[in-house]
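Student: sequence below, structure please.
(chains A and B)
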2 protein chains.
Amino acid sequence: MRGSGRPREWDCAVKWLTMDVIALAGSLRSASINAAFCRAAARLAPAGMRIAPYRAGLGSLPLFNPDLEAAPPDTVRQFRDALGKADALIIASPEYAHGMSGVLKNALDWLVSHEAFIGKPVALINTSPRAHHAYEATLEVLRTMSATPVPEASITLPLLGRCTTEEQMVSSGEIAAQIRNALGALQAFLHVGAQDGPSFPIS
Amino acid sequence: MRGSGRPREWDCAVKWLTMDVIALAGSLRSASINAAFCRAAARLAPAGMRIAPYRAGLGSLPLFNPDLEAAPPDTVRQFRDALGKADALIIASPEYAHGMSGVLKNALDWLVSHEAFIGKPVALINTSPRAHHAYEATLEVLRTMSATPVPEASITLPLLGRCTTEEQMVSSGEIAAQIRNALGALQAFLHVGAQDGPSFPIS
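Tutor: Just a heads-up that it's a prediction; the model follows:
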């Protein structure tokens, strides 16, 4: 078997070297800048990092009801499973009336008591330089939920007005470079975390 | 016509004297303390004030989507209409992970661009003395939306642990008195507003 394919240790290494990241957009607007950022980030991901915008979208989730925590609807279980398997998250979300979007907070409410979220590295992206209330509120919530915001990967991008589509973000040298830098910082953080872990398989 | 019934001026006065208030609970939990508070407030309302917990509940609203603002779903239109007709709102909502409940923020997101919310008096009730992040965040959002929080009617109630049901709130002398005081303050605020208005009909 060994002679016919790559050794098992190598499979293991590939598994560790390829980091799976899920990107969440906190707006359901079809032309959302935050959703566009998530798609752009997927295209700008460095080698060894796979970024996928959460396919079902946060709009697939029902409104949070603590009575359903123990036996949540399928969409919630799928969401929790997807996030549990991811090595890290990227969150890009708008500010509405100086607050987090209800869409994002509702999604996070479903994760508050979910153990897979504890210690999860998060890159929090602010796509509007004029906004800060929602960004700070989200950081506070993430810390309270025992997630691990990654400061070096959490950046504010001056996107509004001049760079609002996936194509513009990917093709704009300056913006694309900032996104690549943030993703590189997230990757570096994950590698350090993996090396600090109990069973990093590459010697 | 006049001889057979009350004069039209009197109808007008009754209309002005009876204040309609809608109470919103930010949790969908069936045993929610905040929903219990809304029902208790309805029973403790002073003469001349009618308080109704929002019948459909905030769980009837879809997740906010800016693309649907102009032609929103029926449940959103009914919610906006009900709030537009009310003289004031009461909001009682939990704190989840140091943030507003997504359920409440989602409801407010549907009202951000709705002109009937501008200047709307709001009594914001904090049912958990240990929590303050969500309360302060909600105040910031309400002010940003140009609503009018009423400080004298916005109180923190020590309900957790000892007074969590509608019946307990109504029958507890101390808590019931605090609720009555807050509702009285809201009523006084509304009366002053009515007297300051252009056509208060009682001379």
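Student: low-scoring stretches of chain A, by residue?
Tutor: Within chain A, the segments meeting pLDDT under 70 span A:1-16, A:160, A:194-203.
Student: what residues does chain A put near chain B?
Tutor: Residues of chain A lying close to chain B by Cβ under 8 Å from any Cβ of the partner chain are A:27-30, A:58-59, A:61, A:63-67, A:96-109, A:112, A:133, A:137, A:140-141, A:143-145. No exception for glycine: its C-beta is placed from N, CA and C like everyone else's.
Student: buried among these? Need that as a selection in PyMOL.
Tutor: With 16 or more other Cβ atoms under 10 Å in any protein chain shown as the burial test, the buried ones among these are selected in PyMOL as follows:
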select buried, chain A and resi 27+28+29+58+59+61+63+64+65+66+96+97+98+99+100+101+102+103+104+105+106+107+108+109+112+133+137+140+141+144+145
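Student: now do the contacts for A:Ile33.
Tutor: Contacts were defined as Cβ atoms under 8 Å, 6 or more residues apart in numbering or on different chains; by that measure A:Ile33 touches A:27, A:94, A:127-128, A:159-160, A:164.
Student: at 6 Å what do you get?
Tutor: A:127, A:159, A:164 (Cβ atoms under 6 Å, 6 or more residues apart in numbering or on different chains).
Student: which members of these are positioned in strands?
Tutor: Among these, no residue falls in strands (DSSP state E).
Student: most neighbours among those, please name it.
Tutor: When these are compared by neighbour count (other Cβ atoms under 10 Å in any protein chain shown), A:Thr127 ends up highest, at 27 neighbours.
Student: and the contacts of A:Ile33 as CSV, adding distance to B:Ala185?
Tutor: Shown next, in CSV, are the contacts of A:Ile33 (distance: Cβ to Cβ, whole Å):
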residue, distance to B:Ala185
A:Thr127, 41
A:Leu159, 44
A:Thr164, 46
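Student: which residue ranges form the strands in chain A?
Tutor: A:19-25, A:49-53, A:88-92, A:95-96, A:99-100, A:121-125, A:148-149.
Student: in the longest one, what's buried?
Tutor: By neighbour count, with 16+ other Cβ under 10 Å as the criterion, the buried positions of strand A:19-25 are A:19, A:21-25.
Student: show residues contacting stretch A:89-102.
Tutor: A:21-27, A:34, A:37-38, A:104, A:122-125, A:127, A:131, A:133-134, A:137-138, B:64, B:102, B:105-106, B:109, B:112, B:140-141, B:144-145.
Student: can we see that at 7 Å?
Tutor: By Cβ atoms under 7 Å, 6 or more residues apart in numbering or on different chains, the surrounding residues in contact with stretch A:89-102 are A:21-27, A:34, A:37-38, A:41, A:51, A:83, A:104, A:120, A:122-125, A:127-128, A:131, A:133-134, A:137-138, B:64, B:99-100, B:102, B:105-106, B:108-109, B:112, B:137, B:140-141, B:144-145.
Student: residue contacts, the closest residue to A:Ser32 other than its chain neighbours?
Tutor: Excluding the flanking residues, the one nearest A:Ser32 by Cβ to Cβ, 6 or more residues apart in numbering or on different chains is A:Ala25, at 5.8 Å. By Cβ under 7 Å, 6+ apart, A:Ala25 lies in contact with A:32, A:34-35, A:38, A:53, A:92-93.
Student: which strands or helices does the biggest helix by length in chain A pack on?
Tutor: Using DSSP state H, we find that the single longest helix of chain A is helix A:173-196. In this structure, helix A:173-196 packs against helix A:33-44, strand A:121-125, helix A:166-171, with contacts taken as 3 or more Cβ pairs under 7 Å, 6 or more residues apart in numbering or on different chains; DSSP states H and E.
Student: next, the distance between the ends of stretch A:76-96.
Tutor: 24 Å (Cα to Cα, to the nearest Å).
Student: got the buried residues for that stretch?
Tutor: Within stretch A:76-96, the residues that count as buried by 16+ other Cβ under 10 Å are A:76, A:78-80, A:82-83, A:86-96.
Student: same check, this time on stretch A:113-123
Tutor: Neighbour count says stretch A:113-123 has A:114, A:117, A:120-123 buried, by 16+ other Cβ under 10 Å.
Student: list the contacts of it.
Tutor: Contacts to stretch A:113-123, defined as Cβ under 7 Å, 6+ apart, come from residues A:69, A:80, A:83-84, A:88-91, A:111, A:142, A:145-150, A:153-154, A:182, A:186, A:189-190.
Student: closest one to B:Val170 among the strands of chain A?
Tutor: Nearest of those to B:Val170, taken as Cβ to Cβ: strand A:99-100 at 32.3 Å.
Student: give me the distance from the closest one to the chain's centre.
Tutor: Distance, stretch centre to chain centre, for strand A:99-100: 18 Å (Cα atoms, centre = their mean, to the nearest Å).
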